[in-house]
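Undergrad: task: produce atomic coordinates for the following.
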Amino acid sequence: MKPSLILIGLGNPGKSYERTRHNIGFRAMDMLKETYGEGEWQQKSKFASEICEGRIITAPCLLVKPQTYMNCSGEAIRKIVDFYNVDPAKHILICCDDVDLPLGTLRLKENGGAGTHNGLKSVVEHVSEQFPRLRIGIGPKPQNEDLATWVLSRPPKSEEEKLQEALEKIPEMVKEFVMHSP
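TA: Sure, this is the predicted structure:
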């Protein structure tokens, strides 16, 4: 099955990263799998990713969690784009955390730069800047905190509740995206 949309969540593999701020993209994929997935996550070494097939309305989709670690996400995404021979601007949607958005804010953009996000930098380097992305606000890091340490930490319960509320809105937001895509 050739997917009409490839949904990719950025994150880091492994238990130690599971509930960190930086792994909100993986959590978005888990939420989409619950709603639209058809089966379980499967490890696919040829894509360096975990994948799950799904369907949004009538559109076949592929849910993806690259296993290359955040800073090399573009390597896995390049493999998938090449294998399915798809135009990233029309056939992929990247979900990732964003420190520049208020906690729990969701923003869908058609394209753009990577900003300070190393996962997006890797995607831009290996694919292009021309791909839609759903940015999930994790809020700004506290002053005097190291950015890498902060995004790789787990949010307190009060923040976790706002992030969960945002995650629960993603399936409907992605469905709208599919319905209004050319």
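Undergrad: switch to C-alpha atoms for all contacts and neighbour counts from now on
TA: Noted.
Undergrad: and the longest helix for the protein?
TA: helix 157-179 (DSSP state H).
Undergrad: what residues does it touch?
TA: Applying C-alpha atoms under 8 Å, 6 or more residues apart in numbering, the contact partners of helix 157-179 are 27-28, 31-32, 35, 56-57, 59, 103-106, 136, 138.
Undergrad: ok, which pair from the residues you listed is furthest apart?
TA: Ala59 and Leu103 (30.7 Å; C-alpha to C-alpha).
Undergrad: all strands of this structure, in order?
TA: Ranges of strands within the chain are 5-9, 42-44, 49-56, 59-66, 92-98, 106-109, 133-137, based on DSSP state E.
Undergrad: would you mind listing the buried residues in stretch 26-43?
TA: Within stretch 26-43, the residues scored as buried using 16 or more other C-alpha atoms under 10 Å are 26-33, 36-37, 41, 43.
Undergrad: and what of stretch 153-172?
TA: So for stretch 153-172, counting by 16+ other C-alpha under 10 Å, buried means 153-155, 160, 163, 166-167, 170-171.
Undergrad: enumerate every residue touching the closest residue to Arg19 other than its chain neighbours.
TA: Nearest residue to Arg19, sequence neighbours excluded (C-alpha to C-alpha, 6 or more residues apart in numbering): Arg154, at 5.8 Å. Arg154 makes contact with 19-21 under the criterion C-alpha under 8 Å, 6+ apart.
Undergrad: top of these by number of neighbours, please.
TA: Highest neighbour count within the contacts of Arg154, by other C-alpha atoms under 10 Å: Arg21, with 27 neighbours.
Undergrad: contact partners for that residue?
TA: Here Arg21 is in contact with 97, 138, 150-155 (C-alpha under 8 Å, 6+ apart).
Undergrad: distance of the residue lying farthest from the centre of the chain from Cys72?
TA: What lies farthest from the middle of the chain is Asn144; by C-alpha atoms, centre = their mean that is 27.6 Å. Going from Asn144 to Cys72 by C-alpha to C-alpha, to the nearest Å gives 27 Å.
Undergrad: one more: Arg55?
TA: 27 Å.
Undergrad: and the two? Which one has more around it.
TA: Cys72 (21 against 18).
Undergrad: give me the nearest residue to the more buried one, chain neighbours excluded.
TA: Ser122 (5.7 Å).
Undergrad: same question, Asn12
TA: Closest to Asn12 by C-alpha to C-alpha, 6+ apart is Tyr69, at 4.5 Å.
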